[in-house]
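Q: Kindly return the folded structure for what I paste below:
(2 chains)
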Amino acid sequence: MIIAGLKARPVRTSVSILAVALEVTLILVVVGLTSGISSETGKRTEGVGADILLQPPNSSLFLALSNTTMPVTLGDKLRELPGVKVVSPVQTLVNSSAGLEIIYGIDPETFNALGNGFIWHKGGLFKNADDVVVDDIYARAKNVTVGDKVELVGHTFKIAGIVEHGKGARLFISLPAAQSMTGNTGKASLFFIKINDPAQVQTVIGEVKKLLEGYGVIALKEYTALMMSNSMPALDAFISTVVFVALCIGVLVIFLSMYTTITERTREIGILRSLGASKQFIVTLIFQESAAVCLVGVVLGIGASFLIAKAVTMMFPTLIVLITPDWIGKATVFAVLSGVIGSLYPSLKAAKQDPVEALAYE
Amino acid sequence: MKNLLETSDVRKTYSVGKIQVEALRGVNLRIREGELVAIMGPSGCGKSTLMHILGAMTKPTSGKVFIGGQDIAGMNDSQLTGTRREKIGFVFQKFNLLPTLTARGNIDVARYIHGNRANGNDQHLADILHLLMIEDKMGRKPSELSGGEQQRVAIARAVANKPAILLADEPTGSLDTKNSEIVLNMFRELNRRFKQTIILVTHNPELVAITDRLIEMRDGVIVTDNDPVSWDNESELAQPSV
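A: Okay, here's the model as predicted:
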């Protein structure tokens, strides 16, 4: 009876299913995009090879999104701390002309010493102030190669080399060039610190905090876990807002659909009541129809989300849409919840109808 | 024969805006098991209202109504629904089949509501379908059936759960002469062969010919009742017989 009822009104059923699918897709794609970007950023930052990240007080976890800096000479004091092997200053810039691209201004010698160094695909390190090194994903996304010019932060740079991705940023210029462009001569946005014994990371962090009270010091592993955890305060509010909006869409569409359905089927409800169907039977029937719509919508929405994720990655290789089983489960629950809430009033209204009046309804 | 239905001074008043309309003004009635009864009267005499009360679709404003020995006047909606489900079968003038289901689906939903899951080996249902000549129509939706066929499906749906009482409100009102005759003969056969108690509400005098008893109503009261069994005393009305 449920399937027959849904098939009898194909347009309305299809619209309701699409609305639920939209709800699910909205949640999965938006959450997946934010999670993907933050997770991938976390992985790339970990890929630098350092053990500790040092930032000035009141800095953002999203590197380069704050203007606070520290003197580069702090690095000398950090190198003197027991257990510290390498200290590499980085001045970050943000290029917003084509999305949001973080640029690292680095000291190549110390930066390479943090890990295994750059893996070169083409070209080499910057020789001039207007040289830039890009990673392979950026090169593919922008369709550029060694020798090409790119506009970054209002300056024209020439691509000196292309490296394997996963070293913090996708764009690298010399530290002095970055300092000059930001007006922060002699300054750095952050320090990457490599220590002799990774097992002693908390001890070294303690020493750094003693030396620089109030500064942001975090183990890179902890930073990566935070970026991949979806628990960042700034993101939480955004994700909650998206989920709330999606839920509202689902509730309203299901409500409208079920309300018009029970109005059109007043006589049918009267027939069922005349056959001895209880109020509970009527409520359950409406809920079951709503649940069927939601479940089909969920399946469609999940499929659409994966398709969109693939399309986004193909069109914008620098973007990652991370769709996790955890969020697929949550989106399903939200969709079913919106169906239940949306059909609650219509189902109760249907059940309360007087059978005699319902049978007489034209 | 035991009494299946008894009413005592049943009254029903409706509010139409600010006006109070007395649809029933004191109806006393007894229907026994196995009877085939016609309730006749002009439009507006209260016969449909009486049918709704006898079918536990609504309660009287005052008076007593005993269905299968239980007074429905004090019942809540859930109890009324249960009484309707267990004891009553309805046939309506406009057939009232569920348009999205096949004939079989319409019968099955009635059985499902009754708690009687669809059973391919149900001999009673098979006999009913054979009697009503709709065995080959089970796969069709109401829109694919003629008026007479739809009404016969509605009858099958009404009696599938072997109700104590079958109530038919103007069952031939939407049918042509030929189909009316077929449907009337079906009712007679149901009564004769299956001892189904049937109450036909109608203003069609041709129905009277097939019934054992005729009750005439006018202005909310019964004016004539050729009940072969007379009312002996009022104490019989006070006590339910079943």
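Q: and chain A, which of its residues are near chain B?
A: A:1, A:4-5, A:7-8, A:267-268, A:270-279, A:281, A:354-356, A:359 (Cβ under 8 Å from any Cβ of the partner chain). No exception for glycine: its C-beta is placed from N, CA and C like everyone else's.
Q: Now go through those and say which are in helices.
A: Using DSSP state H, the members of the residues of chain A next to chain B that fall in helices are A:4-5, A:7, A:267-268, A:270-274, A:279, A:281, A:355-356, A:359.
Q: Return the member of these nearest to A:Asn112.
A: A:Asn112 lies nearest to A:Lys7 out of those, by Cβ to Cβ, at 65.3 Å.
Q: thinking again about what came up before, just the buried members of the residues of chain A next to chain B?
A: For those, a neighbour count by 16 or more other Cβ atoms under 10 Å in any protein chain shown gives the buried set as A:1, A:5, A:8, A:267-268, A:270-279, A:281, A:355-356, A:359.
Q: Name the SS class of the spatially closest residue to A:Leu319 that is not a sequence neighbour, please.
A: Of all residues not flanking A:Leu319 in the chain, A:Val312 sits nearest, at 5.5 Å (Cβ to Cβ, 6 or more residues apart in numbering or on different chains). Taking DSSP: H, G, I helix; E, B strand; the rest coil as the rule, one finds A:Val312 in the helix state.
Q: Test my guess that A:Val312 contacts A:Ile323.
A: No: counting by Cβ atoms under 8 Å, A:Ile323 is not a contact partner of A:Val312; they are 11.1 Å apart.
Q: Neighbour count for those two, which is higher?
A: The neighbour comparison of A:Val312 against A:Ile323 (other Cβ atoms under 10 Å in any protein chain shown) goes to A:Ile323, with 20 against 17.
Q: mind listing what the more buried one touches?
A: Shown in contact with A:Ile323 (Cβ atoms under 8 Å, 6 or more residues apart in numbering or on different chains): A:28, A:32, A:305-306, A:309.
Q: next one: A:Val163
A: A:Val163 makes contact with A:118-121, A:133-136, A:172, according to Cβ under 8 Å, 6+ apart.
Q: Name the residues of stretch A:306-326 that come out as buried.
A: Judged by neighbour count using 16+ other Cβ under 10 Å, the buried positions of stretch A:306-326 are A:306, A:308-309, A:312, A:317-323.
Q: what's the closest of the residues you listed to chain B?
A: Here the nearest of those to chain B, counting by Cβ to the nearest Cβ, is A:Phe306; it sits at 33.9 Å.
Q: name the element the closest one belongs to?
A: helix A:279-315 (DSSP states H and E).
Q: Now find how far off-centre that helix is within its chain.
A: 22 Å (Cα atoms, centre = their mean, to the nearest Å).
Q: now do stretch A:243-250
A: Remark: stretch A:243-250 is offset 18 Å from the chain centroid, using Cα atoms, centre = their mean.
Q: Check stretch B:6-26 too.
A: Here stretch B:6-26 is found 20 Å from its chain centre; the criterion is Cα atoms, centre = their mean.
Q: Is it positioned near chain A?
A: No: if you take Cβ under 8 Å from any Cβ as the test, stretch B:6-26 misses chain A, and the best it gets is 10.3 Å.
Q: how far does that stretch stretch from start to finish?
A: Stretch B:6-26 has its terminal residues 13 Å apart, counting by Cα to Cα, to the nearest Å.
Q: Need the contact partners of that stretch.
A: B:27-31, B:46, B:49-50, B:53-54, B:58, B:60-66, B:219-221, B:237-238, B:240-241.
Q: can you check stretch B:76-89 too?
A: By Cβ under 8 Å, 6+ apart, stretch B:76-89 touches A:273-279, B:55-57, B:59, B:67-68, B:70, B:72, B:75, B:113-114, B:157-159, B:161, B:163-167.
Q: the helices in the stretch 1-150 of chain A, which residues?
A: Taking DSSP state H, counting those that start in this stretch as the criterion, the stretch 1-150 of chain A carries its helices at A:2-7, A:10-46, A:74-79, A:108-114, A:136-142.
Q: wait, A:Thr261 sits on A:Ser343?
A: No: using Cβ under 8 Å, A:Thr261 is not in contact with A:Ser343; the gap is 9.2 Å.
Q: any residues in contact with both of the two?
A: Counting by Cβ under 8 Å, 6+ apart, the residues touching both A:Thr261 and A:Ser343 are A:286, A:289.
Q: So for the two, which residue has more residues nearby?
A: More crowded of A:Thr261 and A:Ser343, by other Cβ under 10 Å: A:Ser343, with 28 against 23.
Q: Report the secondary structure state of that one.
A: Under three-state DSSP, A:Ser343 comes out as helix.
Q: excluding its backbone neighbours, what's nearest it?
A: Nearest one to A:Ser343, counting by Cβ to Cβ, 6+ apart, is A:Ser290 at 3.9 Å.
Q: In this structure that neighbour contacts A:Leu256, no?
A: No: when contacts are counted by Cβ under 8 Å, A:Ser290 is not listed as touching A:Leu256 (11.9 Å).
Q: before we move on, the earlier item: quick check: the residue nearest to A:Leu319 vs A:Gly32, distance?
A: 9 Å (Cβ to Cβ, to the nearest Å).
Q: what touches both of the two?
A: Common contact partners of A:Val312 and A:Gly32 (Cβ under 8 Å, 6+ apart): A:Val321.
Q: Give me whichever of the helices of the stretch 1-150 of chain A is most buried.
A: helix A:10-46 (a mean of 21; mean count of other Cβ atoms under 10 Å in any protein chain shown).
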